[in-house]
Each structure stands twice: as C-alpha cells, then as structure tokens.
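Participant: Sharing a sequence plus its predicted fold:
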Amino acid sequence: MGTSGTSFERRQTRRLRVGDVEVGGGAPVSVQSMTTTKTADVEATLTQIYSLAGAGADIVRVTCNTAEAAGAIAEIMPRSPVPIVADIHFQYSLALAAVEAGVSALRLNPGNIRNEQHIKEVARACMDAKIPIRIGVNAGSLDKDLLDKYGGPVPEALVASAMQEVKYFDDVGFHDVKISVKHSSVPLMVDSYRLLADTTDYPLHLGVTEAGPLPGGLIKSVAGIATLLNEGIGDTIRFSLTTDPVEEAKAGRALLEYLGLRERTTLDFIACPSCGRAEVDVIKVANEANERLQELGFAIQVAVMGCVVNGPGEAREADLGLAAGRGRGHLFIKGEVVRVVPEADMVDALIEEAKLLVEQGTEARLAAGDVNAADIAEETRLELMSIQGDVNATAARRQAVQDVIDAEGSN
Ligand code: SF4
C-alpha cells in the first residue's frame, strides 16, 4: 500500500537544512506553504501553522513585515511543529530582527532589497546563526535595471537577478542558499528554472507565482512544477493559490505522492469517469465514498468503478475497489473480487472493508474473501456483456472489419 517509485533521476544539488528539514542533495522534495494571518497575531498564526503542517506542509513561511511580526516570530518558533521561514521585503533590518528571533530561514527578494552592503550584512548574520536564505526572485518585482537590460521579465533576467545575489553572498563566504525564479507564466517559469538548473547547483524552490484561484491556479501550478520535477529539477515546492493555504499544502503533498516522490500518507481515491455502461450514478457513489474515506485518513488507494465489466480489471492495482452491476456492489482487493453485496449497502461495505484492510493487511483480507464472490462477479460481467456487448472484444471486431473489407474487395 505504498507508492510507485519515480522513474526520473533527480538533479544533483547541494544540501542544506531548514530547521530539521533537509533540502537538496537527494533529500525528499519538501512541501511549503505560507500563512495568511498577521504574523503579529501569534495565536492565529500558530493555529494556521498547525493546520498547514497537518495538511502536509514540511516548512511554513510567515511574513515579517513589521517589528511586531519579527517579535512574534520569537514566540512562534518554540511552539511551531515545522520550521519557519521569514519572508522579507524592502527592510533588511527586519531580516536581521527575524534572525535574532531564531527563525529557521529567510526569504529575500533581490528585486526589493538592493543595497549590496545590506544584503551582505544579512548574509553574515545568517552565517553566524547557521540558517539558510532563499533567494526568491519574482518576475513581478524584478529590478528595473535588469528589466531594461533584458527587455522584460524573461528567464535570462530572472536568473541574472538570482546570480547577482549569489555573488554578493559568495563575497562574504555564505553558501547556505536555495533559489526560486517564479513567474506567473508557466512556459516562462519552466524555462527560467531550466536555465537556473544549468547555471548553479544550489537547491531550487519551485513555484508558479500568483497562480490564482482554483481550479486555474492548481492547473498552472501542477503544469509548471510537475514538468520540472519530471526532469529531475526541484528540491522543495510551493503552490501559490488564491485560496485557504491548507489547500496549497494538500495539493503540494498530493502532487509529490502522485509522482512517487514521497511516500503515500493520504488516501489516493480513483474512480472511472463513468460512461454508458455505468450501472450506478458513479459521481454520486464516488463522492460519498471519497468523503467518508477522507475522514478516516487511510493511506490506501481505493477505486470506485461504474461497472463490473471493466472495473476490477482496470483498477487491479488499487488496494481496494468497488464495481457496480445488476443491482449489486462487487468489492475487490488488488483486482480479486472478495465480496458481493446489495447495491444499497455497497458504500457501507466498502468503508467496512477499508477499515479491515488497514487493520489486517491485504493477504489476510484476500484470504477472508467469499469463495463464491469471483464466480458471481463473472456471471454478472457475462450477463452485462450479453446485454451491452463486449467493449474489449477487439479481435472479433477486427475480424468483422476485415470481413467487410474482403467482401468489398470481392465485389
Ligand atoms: S468502468 Fe465501466 S462504467 Fe466506468 S468508464 Fe469503464 S466501462 Fe464505463
């Protein structure tokens, strides 16, 4: 009930630590999110940090935009379940204050802290505190000189901005760095990270900036982040969605699990899209089953399929599945039908079987299966095929096509 391994090679990068989370150098790709509370409101911020950690965030960023926010970080740090990154814009003194507050890492935007001496002072403070800095380049806040030089926020401009900051850090011997070059355009984001990956071996933080509300924001983020992860690029990720940040954390975690980059810790619910063969309202049954299983929080893959003709076969990799047919629900484990129940009871039976499966394991539940279940399912399948036709009868259909062609040829 684990996860399928990834087939692509990860790019070799340096490794650093954000609190107790390792980033880069082959460490598991981590999930980040950001609070939307006023950081100065310690209790509200901690409540949100706990929610984000519970939803799958390994690292959480908070804004450090005022002296009160920096002070609050000192109170948040000892009570936070995950490492905290302080987000700094414009005021380098707040970066120094956040370091003093004991934060796990900083994010600096090179586009809005431009004074070389200030940047170096922050790097020295981080070096003394042994904490990393993310150079967070953002297409929307790129330095005007770079915009003029490159003619706009193109990948070359974003990478030049990051590498200028890296140079300031090199000058003071600071190398505890990860980098992001975020763009709101997916193709430009992808090209920027590819160029950056060819330029440096620092670990990379991936994200499509200002991706927007659901579902577009989710699609853009997945398109950009998954493309790069599939090329082995990326050490930590954030979905920047205009919604409750808990959704960001969940989405980030789910993406990594679906790509086989993290062990499954959440339910993987699959369902057929339904079609004319469906024997039940698949959407209704799938939604009910998904909702009830999500509440249980099992890290298994469960399939809901609209018909027993194709369901058990197509979802044979699922830990547990349900396929409808002729007023009955057919429960299957790894493609083997283990129980047949009346349609009205099938979701209850699925939930019950999920609990037993998690408790007892696959082998035990296969052994406890009803010996007649597979035969009943096969009878139902054959009955349905005799009514609906066999969609899988490819060989017979090919022969029929050939017969038509031959008949035409002989005329
Ligand atoms: S499992 Fe059955 S109902 Fe669902 S899409 Fe496939 S053929 Fe159609």
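Facilitator: Structure's in. What do you need? Numbers count the residues shown, from 1 in each chain.

Participant: So V280 sits against V304, correct?
Facilitator: No: if you go by CB atoms under 8 Å, V280 and V304 don't touch, sitting 9.1 Å apart. For glycine as for every other residue, the C-beta is placed from the backbone atoms N, C-alpha and C.

Participant: tell me the pLDDT at R328?
Facilitator: R328 is assigned 91 on the pLDDT scale.

Participant: V280 and V304: which is more packed in?
Facilitator: Comparing V280 with V304 by other CB atoms under 10 Å, the one with more neighbours is V304, at 31 against 21.

Participant: The helix or strand harbouring that one pairs with which strands?
Facilitator: Per DSSP states H and E: V304 is located in strand 301-305. Next to strand 301-305 in the sheet, as set by DSSP bridges, lie strand 268-271 (parallel), strand 320-325 (parallel).

Participant: deepest of those strands, which one?
Facilitator: Greatest average neighbour count among those goes to strand 320-325 (a mean of 27), per mean count of other CB atoms under 10 Å.

Participant: immediately after it, which helix or strand?
Facilitator: Following strand 320-325 in sequence order, the next helix or strand is strand 328-333 (DSSP H and E).

Participant: name the helices or strands packed onto that next one?
Facilitator: helix 311-314, strand 320-325, strand 336-342, helix 346-360, helix 362-367, helix 373-388 (3 or more CB pairs under 8 Å, 6 or more residues apart in numbering; DSSP states H and E).

Participant: Could I get the buried residue list for the fifth one?
Facilitator: Spelled out, that is helix 362-367. Under the neighbour-count criterion of 16 or more other CB atoms under 10 Å, helix 362-367 has R365 buried.

Participant: rewinding a little: please produce TSV containing the strands paired with strand 301-305, extended by mean pLDDT and distance to the ligand.
Facilitator: Below are these laid out as TSV (pLDDT from 0 to 100; distance: least, CB to the nearest ligand atom, whole Å):
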stretch	mean pLDDT	distance to the ligand
strand 268-271	94	8
strand 320-325	93	7
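
Participant: Need those in CSV (columns: distance to E336).
Facilitator: Below are the strands paired with strand 301-305 laid out as CSV (distance: least, CB to CB, whole Å):
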stretch, distance to E336
strand 268-271, 17
strand 320-325, 10
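
Participant: For G361, find the nearest of those strands.
Facilitator: Closest to G361 of the strands paired with strand 301-305 is strand 320-325 (CB to CB; 11.9 Å).

Participant: Could you tell me how far stretch 337-347 lies from the centre of the chain?
Facilitator: How far stretch 337-347 lies from its chain's middle: 33 Å, per CA atoms, centre = their mean, to the nearest Å.

Participant: end-to-end on that stretch?
Facilitator: 15 Å (CA to CA, to the nearest Å).

Participant: and it, which residues are buried?
Facilitator: In stretch 337-347, counting by 16+ other CB under 10 Å, buried: V337, V338, R339, V340, V341, M346, V347.

Participant: Tabulate those (TSV), appending distance to G313.
Facilitator: Listed next are the buried residues of stretch 337-347 as TSV, based on distance: CB to CB, whole Å:
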residue	distance to G313
V337	11
V338	15
R339	17
V340	16
V341	20
M346	18
V347	21
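
Participant: Show me where the stretch 151-300 of the chain has its strands.
Facilitator: Here the stretch 151-300 of the chain has its strands, by DSSP state E, counting those that start in this stretch, at 177-182, 205-206, 236-238, 268-271.

Participant: I'd like those strands as CSV, with distance to T45 appended.
Facilitator: Listed next are the strands of the stretch 151-300 of the chain as CSV, based on distance: least, CB to CB, whole Å:
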stretch, distance to T45
strand 177-182, 22
strand 205-206, 21
strand 236-238, 17
strand 268-271, 31
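
Participant: can you list the residues of the stretch 251-400 of the chain near the ligand?
Facilitator: 272-275, 277-278, 305-307, 309-311, 314 (CB under 6 Å from any ligand atom).

Participant: closest one to A368 among the strands paired with strand 301-305?
Facilitator: Of all these, strand 320-325 comes closest under CB to CB, at 13.1 Å.

Participant: Identify the residues contacting R262.
Facilitator: Applying CB atoms under 8 Å, 6 or more residues apart in numbering, we find R262 in contact with T3, P28, V29, R253, L256.

Participant: Fine, thanks again, bye for now.
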